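**Student:** Give me the fold of what follows.
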Amino acid sequence: MENVVLIIHLLLALGLIAVVLMQRSEGGGLGMGGGGGGAVSGRAAATALGKLTWILAAAFIVTSITLTILAAQKSAGSSVIDRLGVPAPASEQSTPDVPAGSDLLPPTQGDNAPLVPKAD
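**Tutor:** Predicted coordinates:
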């Protein structure tokens, strides 16, 4: 199901890009040319490409939300580490080389053995 929605989503994205690139520039946004009458007319007539752009954009948003819902349902109740299959951290695993009660930290100054031999 997720793959089908993803393929539809990608096709809608490509279609939306193609339709937007085929439209005529109206020149209002970047100050580039595009024809006169901008100040006289309040709004240009809706063309077929304009309507198709709105339809594709609405369908793109719907598939985006659908993919988000599907991904949320798929990941509910599990963490990323569980899904990757990463082994447990070393602190939780028992190592056979070290006895159970031994300390793995280096000796401190209060211990009997000095850290660095003194050069007299």
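
**Student:** Next SSE downstream of whatever helix or strand Ala72 lives in?
**Tutor:** For Ala72, the host element (DSSP states H and E) is helix 48-75. Going down the chain from helix 48-75, the next helix or strand is helix 80-84, by DSSP H and E.

**Student:** If you count contacts, what does that following helix end up packed against?
**Tutor:** On a contact count with 3 or more CB pairs under 8 Å, 6 or more residues apart in numbering; DSSP states H and E, helix 80-84 meets no helix or strand. C-betas here are computed from N, CA, C, even on glycine.

**Student:** Can you tell me what sits against it?
**Tutor:** Contacting residues not belonging to helix 80-84 are listed as Ser75 [CB atoms under 8 Å, 6 or more residues apart in numbering].

**Student:** got the CA positions of it in PDB?
**Tutor:** Extracted in PDB, the C-alpha atoms of helix 80-84 (Å, rounded to 0.1, in the frame of the first residue of the first chain):
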ATOM      1  CA  VAL A  80      14.700   3.100  15.500                       C
ATOM      2  CA  ILE A  81      17.300   1.000  17.300                       C
ATOM      3  CA  ASP A  82      14.900  -1.900  17.600                       C
ATOM      4  CA  ARG A  83      14.200  -1.800  13.800                       C
ATOM      5  CA  LEU A  84      17.900  -1.600  12.900                       C
END
